[in-house]
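*Asks:* after the sequence you'll find the predicted model.
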Amino acid sequence: MPNKRISRRTMLRGAGVALGLPLLNAMHAKTILAACQASAPAPIRMAWVFFPNGTNAAKWLPDGDETNWQLTPSLEPLADIRNDLCVFRGLAQNNAAALGDGPGDHARSAAAFLTGAHPFKTAGSKIRVGRSVDQVAADIYGRDTRLASIELGTEEGRSAGACDSGYACVYSNNISWRSENQPMAKEIRPRMAFERLFGSEKLLDDDSKKRQALKMSVLDSIADQASSLSKSVGKEDQQKLEEYFSSIRDIEQRIERADMPVNFGDQPATPPDREPSDHGDHIRMMYDLMVLAFRTDTTRIATFMLANEGSNQSFPMIDVKEGHHELSHHQDDADKISKIAKIDRFYVEQFAYFIRKLRETPDGDSNLLHNSMIVYGGAISDGNRHDHNNLPIIMAGNGGGNITPGRLVKYNDVPLNNLFLSMLETVNVRVDRLGDSSGRLDKLKV
Amino acid sequence: MKQYPSLLVFLSFCLLLAVVNSNPCRGTAGEDVAAPNATFESQLADEWKSTIAPLIAEHCSDCHGESAQEASVDFSKFDGLASVRSQPALWDQVSGLVRIGAMPPVDAEPLDPDQRERIATWIENSLHRTDCGIQQLPGHVTVRRLNNAEYDNTIRDLLKMDFRPSQKFGFISDDVGNGFDNQGEVLSLPPLLMEKYLTAAEYIAEQAIVIDGNSLRKQRNDGNPISLTESFNSEFEFAEGKYEIAAKVKFGEGQTGAIKFRVLVDEAEIAQVDFEPKEECLTWEREMSAGSHTIRLEYLADPDPPKQGRNDRRLFIEYVSIEGPREGNPAFPKSHQSIMIAEPSEAVSPHAAAETIFRDFLAKAYRRPPELHEVERVLLIVDEALKLDVTFHEAVRYGLQSVLVSPAYLFRIEQANGPVIRPGVRQLGSFDIATRLSYFLWSSTPDEQLRQDAANGKLADQQALQEHMRRMLSDDRTSAIFHGFFSQWLGLRNLANITPDPKIFPLWSERLRAAMMKETELMCMELTRNGGTLTDLLTTDFTFINPRMAELYGMEFEGKKIEDMYIRGRGNPGRRDSQRRFIDEDKWIRVSLPENRRGILTQASILAMTSNATRTSPVKRGKWVLESIIGDPPPPAPPGVPPLEATSKDHSNISLREQLEIHRSNPSCASCHKVMDPIGLGLENFDSIGRWRDEDNGTPIVASGQLSNGSQFTGAPQLVEQLSLDKRKMARHFAAKLLTYAIGRGLNAADQCAIDDIVKKAESHEFQIISFFEAVIQSEPFLLANDN
C-alpha cells in the first residue's frame, strides 16, 4: 500500500506548487481569470452552519402552513430574506438520543448532527461515530476545487476533563468527520483560515521550482518512514500511523490542486488583518471568509461551528452575562428563557448577515445565494429538554434552481439525514445511505 | 558498538525482579481481565449470594424491583456476577451512589456505613478488579503524538528555541481523554494539523540554521513600552569581543521632566540615563564574553509622582540591538551551534559532514539511536538539495525539516526492547524509559544526562531512575507537571473560561485570573518538591501571594498596607492607574494564612472556577470536591428535576442555604444533594472570586454543617480537616490520575493492582506527593510492555 502512494507522489513532483501556497491576490487575478472564462453553469456551494445548546423552541420554530407562515421573534432578523430560505419542521436526528447510553446529549448531538450516526460512548479509547455529509461530498464533489472542503469554528476545544458525561471532548468539538474515527479539526483563527485558502504572503518570494522539489522530497521521505515504522508496531498503533498517512495523502491532493483556477474577478482578496473583537465579530469574519471562498470557487463545501456544543459563552454585547449552556437548562425560568431567545436571535442575526452577503455577491448569471444550499441548525431542539426531533433547521438558497425557497416545510419525525441525501444528489454525489437516512426529502422543490 | 557487560544485564534483571516481586500483580494471564481465578471469582459469587443480594433486596427493591422500577432500574433482573458484569455502566452508578450515601434516599430503609462500603467494594471488585495474585499483562500504550505543550517544550529543549510554535501556528487544541490531553488513543492527527506541522517545521528550520554568518554581526530584538518599575529584557548570543549595544527609545510627546532608566548586561549596570522627552538611539560599547547575555532596560524613576504609571509616562523601547564583534567570527544562535557540529572542508565531504550532523541530531530528535536507514533517508534529502546547488547550510535546513515532521519525531513510538522478564512481558527499552520519565516530569524530550544513562543501560536500575527524578524535579522544566498534571487533575483549565460579572466583582481582571493560577501552581510545586503530603494540599496554613492576591485575600504585603502597593494614576494622588497595577506585581512571597483559610480548597482559583458569573454555587463546589479530590463523582442530575433556580424564583429574599434546603425537600434531589451541598455550603464564606465575606444577600453566612459520614464542622478550616481524614480514598484517586497521566492511557482492571501498590508505598511515606511519583515510576504499567 504505502509504496503505491509514494510512487503517485513522485509523479506529483511536476505539479509545481507545494504546501505553503504563494499568496494569490489581485495582481495575479487576471492570469488566473483567463483559465475560467468558459461559461459553464455556476457550481453549487454547500455549507452547514451549526449552533449549540438548542433553542427556545417556542420563539424559534415558526407555525403556519407551507406558504402562509410567520417569522418567529428569534427568526425576525431574516425578514428581508424570508423568501430565500426554507424553514423545516419535523426533522430529527434520532441518533443524538441516549439509546441506552445515559446522559451526554450535547456531545451526541454535535457528533450526530452531520453524520446521523450514534457516537460510541467513551472518555478516550475507541472513538467512533460516522462519516459526515460534508466529507462524503468532499470526496467527489470536492475534487474540482483547490480545497475539497473547509472547516471553521470560533472556539478551541475544551481542554479540561470530560466534556459531557463520559464522552470525550472530540465529540462536542467537531461536526465534520473524515472517517468514522477521524474528526476534521476546524480552523478558528480568521487569518490562518485565509492563508489556508489562498496561501501566505511570506511565500511570495520564490525561487520556486527548486524549493518545491525539495519540499516534495520531504513528503516522500516521511511517508516512507511511516510505512517502514508501521511494519514494526501493533494494530492500535498502525491506526495512528494510518491517520498520519491519510493526512499526508490529503496534503498531497492539495498540492495536486494548487494550480486549479481561483476566480477573483475584479475584487482582490485581502487577508484579515486583525483579531476578532468579540464573538459576533469573530463569526462575521468567518462568514466573510466563507463568502470569499465560495466567490472565488476555492472550495464549494464548508462547515462552520458557531461555537462548540455545550459552549458556555456569555454574550455581553446583548447584555447576557450568564453562560449559554448554563442558561439553556432554564427549567422554565422566564428570565432565562428570554435570554436564550436573545442568544438565538443574535446567532440568527449573524446568519442573516451571511445570507445577505451571499445574495449581494454576483455569481454566474445570478448570485451566490441562488447557487447555494446553506443549512443552519443544530441537533438539539429545546435546550432544556434535550430533544432531538423537530429540530431547528433552515436551508437558505435555491441550490441552483433545485430548491423552492420561501416555505415552511413540514415533516413528521423524518431523519435530518434525508435532507443531506437530497443535497448530495443535487451535486451528483449518489449514495444510497448516510447514517440513519431512510430516503430523500420529496418537498424541496414545488 | 559497545557491548553491555552481561553481568550488568544480569544484575539489573535481578534488581528489576526484586521490584516486581514487591508488586502483587504478577502472572501470565490475558490482557485486561485475567483468566478468572477460581478463588477470586468464587469469593465474589459467594459474597453476592450471602451478603450483597440480600442487602439489595432489603434496602433497594421497594423502588427498584419487580413492583417498581424507578429510573428504569430493576435489581430483580440480576441474579449474580455475570449479570452484574453485563451492565457495568449501571452498576458503576450504583456503587457511586451507595458509597457517597446518596442511595438509598432518606425516606428508605437506611444502610449503615459498613454495609455501604461492602456493597460498593463488591461492585468495584466485580467490575474493575482482577486477582492481583495472578500475573497480569502490562497493557498497551498506543503511540502518542506530541501534544501542543510537548511539541513546544521539545523544540525549546532540542533546538534551544523558546517561542511556542503551537501558538504561533495555531495548532488545533489537543483532545482530552481520560481527563488528560496526553492520551495516545485520543490524540489524533487531522490533515489541518499535519499542514501546520509542515509549516512550523519549515519556519523552525529557517530560524534555527543561519545561512550567512555575516548577517549575524548586527542583531536586533523588538521592544515594547514599559512603565515605572518595569524592565525590558533582551537576550542575545555573543562571541568574545567588543560589541556596540544600542537601544532606540522614546519618551512622551508633550511631557516634561527627565525620567531615569538604567541599562544592565546580565546583572551588571553599564549605564544610567536621565532621559528627557525625545526619541533617540543610544549606544554603549562593551567587551563581551562568549555565550548568551541579557540586556535589560529598567525604568527607575519618574520625577512627576502624580503622573507615575500613566500611559503617556511610559518609556517606549523600539528595539535593542547589538553589533559585533569587531574582530573574529560572530556568534551563531544556540540552535545553529547545537545542530551544525560539522562543516564540509577539503578533508570532509558535504555528505560526510551532514552525516555527522544528523547522526547526532536524530539521536536527540527521535529520543533513541537512529537506525542506519533513518540517517540515510535524511541524507538523501540533503544530497538532493546539494545537487540543486543550494548552500550546505540550506541543504541541512531541508534535512531538519524532514526530521521535524517525521513520524519518529512527532510520535512517541516505543521499542519495548528491554529484557523479557516473564513470559509475554518485557521491560521497556532504556530509551523508552528515559522518554517516559522525561515527558512525565517535563513534558519534554530527555536531556543529555538521561540520554547518557539510557545509553549506558543504567535506567534499569531503580536507584538511578529515582535519582534522575529528584534531579529533574529541581529543574525549572518541572513546572510542566503543574500545567500538564495538576491543572488537569484539578480541572483548573476551566479557570480560563469563567466570566465573573465585573459590576459585582470590581477586583476581577485578567491579571487576577493569572495570579490565581500562579498561587495554585506555586503551592502544588512546593508540596511536590519539598515533601508535602496530600493532606497538606488540603490543610496547609501557608500560601504564596503577590500584591494582587494579597488584596483579594485582604492581607498585607511584606508588612505594607495594600494601598501602598498601588501604582498611582492620573492627577489625584489617591487614584490608581487605569490598569490597576501594583508595585512588585510579579513578586511572589510565601505567607502564613489567616485562620479562616486552609489549603487548596480555600484558594481563589478553585473557589472562582466553581462559581457562577454572579453568585457562588455550593452545588458546583461540592460536586468538584467529590469529583476531583475524593474521586466519587456524583451522577448527573436526572432529567426533569427542577433545579435550584426553580425554587429561588419564589424565594428570592432568602439565603442560598435556605434555597438549597427547599430544593432538597424533593427526595429525588435530596439523595445526591445532601452529599454535595454541605461541602459547598461550608465554603460559603468565600465569594465567587474567593474573597472572604460574612454575609450574603444581607443574611449572615452559616458555614457549619455535617458531612454524609456524620462528621460535623463549623466552617471551612474544619471542613477541610474532616475531608482530609479519608486519606486512603484520596490517595487512591490521586494515584489513578497520576498513573493515567504518566502512561498516557486509560486504566484497566490489572492496573488496579498497580494502584494498590502505589497507594501502599505512598502510605508508608505518609502520602507524600513525591512518594506517589516515586511509586508510579516503579510501577509495572510504567516500566513494562507486552512482548509482541
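*Replies:* Great, that's in hand. What you see is a predicted model, and the numbers here were worked out from it, not measured in a lab.

*Asks:* what ranges do the strands span in the stretch 251-400 of chain B?
*Replies:* B:259-265, B:268-275, B:278-288, B:291-301, B:315-323 (DSSP state E, counting those that start in this stretch).

*Asks:* OK, contacts around the one residue in chain B that gets nearest to chain A?
*Replies:* Across chain B, the shortest distance to chain A (CB to the nearest CB) belongs to residue B:177, at 2.9 Å. C-beta: built from backbone N, CA, C; applies to glycine. Contacts for residue B:177 were tallied using CB atoms under 8 Å, 6 or more residues apart in numbering or on different chains; they are A:122, A:123, A:124, A:125, A:168, A:169, A:170, B:183, B:185, B:186, B:746.

*Asks:* mind doing that once more with 7 Å?
*Replies:* A:123, A:124, A:168, B:183, B:185, B:186 (CB atoms under 7 Å, 6 or more residues apart in numbering or on different chains).

*Asks:* next step: these restricted to helices.
*Replies:* Among these, none falls in helices (DSSP state H).

*Asks:* from these, which two are the most distant?
*Replies:* Greatest spatial distance in the contacts of residue B:177: A:123 and B:185, 10.3 Å, computed using CB to CB.

*Asks:* which of the two has more neighbours?
*Replies:* residue B:185 (26 against 20; other CB atoms under 10 Å in any protein chain shown).

*Asks:* mind listing what the more buried one touches?
*Replies:* A:124, A:125, B:142, B:177, B:745.

*Asks:* part of a helix, is residue A:390?
*Replies:* No: the assignment for residue A:390 is coil, going by DSSP: H, G, I helix; E, B strand; the rest coil, so no helix is present there.

*Asks:* in space, what's closest to residue B:316 - neighbours in sequence excluded?
*Replies:* In space, not counting the residues next to it along the chain, residue B:316 is nearest to residue B:250; the distance is 4.1 Å by CB to CB, 6 or more residues apart in numbering or on different chains.

*Asks:* let me fix that: residue A:437
*Replies:* residue A:417 (3.8 Å).

*Asks:* now do the strands in the stretch 101-250 of chain A.
*Replies:* A:150-153, A:177-179, A:182-183.

*Asks:* among those strands, which is the most enclosed?
*Replies:* Among the strands of the stretch 101-250 of chain A, strand A:150-153 has the highest mean neighbour count (mean count of other CB atoms under 10 Å in any protein chain shown), at a mean of 28.

*Asks:* and that one, what does it pack onto?
*Replies:* Judged by 3 or more CB pairs under 7 Å, 6 or more residues apart in numbering or on different chains; DSSP states H and E, strand A:150-153 is in contact with strand A:301-305.

*Asks:* quick one: mean pLDDT for the helix or strand following the strand it packs on?
*Replies:* Counting by DSSP states H and E, the next helix or strand C-terminal to strand A:301-305 is helix A:324-328. When pLDDT is averaged along helix A:324-328, the result is 87.

*Asks:* how about helix A:324-328: buried residues?
*Replies:* Within helix A:324-328, the residues scored as buried using 16 or more other CB atoms under 10 Å in any protein chain shown are A:324, A:325, A:326, A:327, A:328.

*Asks:* okay, now residue B:426: neighbour count?
*Replies:* Applying other CB under 10 Å, we find 20 residues neighbouring residue B:426.

*Asks:* my error: substitute residue B:115 in the last question.
*Replies:* 16.

*Asks:* whichever strand or helix holds it close to chain A?
*Replies:* Following DSSP H and E, the helix or strand that holds residue B:115 is helix B:113-128. No: Helix B:113-128 lies out of reach of chain A by CB under 7 Å from any CB of the partner chain, never closer than 14.3 Å.

*Asks:* check whether stretch B:723-743 comes near chain A.
*Replies:* No: contact of stretch B:723-743 with chain A (CB under 7 Å from any CB) is absent, the minimum separation being 9.2 Å.

*Asks:* distance from that stretch to the middle of the chain?
*Replies:* Its chain's average C-alpha position is 16 Å from that of stretch B:723-743, according to CA atoms, centre = their mean, to the nearest Å.

*Asks:* quick check: buried residues in that stretch?
*Replies:* Under 16+ other CB under 10 Å, the buried positions of stretch B:723-743 are B:723-724, B:726-727, B:730-743.

*Asks:* what comes into contact with it?
*Replies:* Residues contacting stretch B:723-743 (CB under 7 Å, 6+ apart): B:141, B:178-180, B:182, B:440, B:484-485, B:489, B:534-535, B:538-539, B:625, B:629-631, B:746-747, B:751, B:754-755, B:758-759, B:762-763, B:767, B:772, B:776, B:779, B:781-782.

*Asks:* in PyMOL, select just the buried ones from the residues you listed.
*Replies:* Under the burial definition 16+ other CB under 10 Å, those of the contacts of stretch B:723-743 that qualify are selected in PyMOL by:
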select buried, chain B and resi 141+178+179+180+182+440+484+485+489+534+535+538+539+625+629+630+631+746+747+751+754+755+758+759+762+767+772+776+779+781+782
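
*Asks:* which ones among the contacts of stretch B:723-743 map onto strands?
*Replies:* Judged by DSSP state E, strands contain none of the contacts of stretch B:723-743.

*Asks:* so of the contacts of stretch B:723-743, which ones are in helices?
*Replies:* With helices taken from DSSP H, the overlap with these comprises B:440, B:489, B:534-535, B:538-539, B:751, B:754-755, B:758-759, B:762-763, B:772, B:776, B:781-782.

*Asks:* can you pull out the strands in the stretch 451-600 of chain B?
*Replies:* Under DSSP E, counting those that start in this stretch, the stretch 451-600 of chain B gives strands at B:542-545, B:589-592.

*Asks:* highest average neighbour count across those strands?
*Replies:* strand B:542-545 (a mean of 21).

*Asks:* contact residues of the stretch 101-250 of chain B facing chain A?
*Replies:* Of all the residues in the stretch 101-250 of chain B, those lying near chain A are B:140, B:142-143, B:170, B:172-179, B:181, B:183, B:185-186, B:188-195, B:198-199, B:202, going by CB under 7 Å from any CB.

*Asks:* report pLDDT for residue 124.
*Replies:* As the question left the chain open, I've gone with chain A. 77.

*Asks:* that's the wrong chain, I meant chain B
*Replies:* 87.
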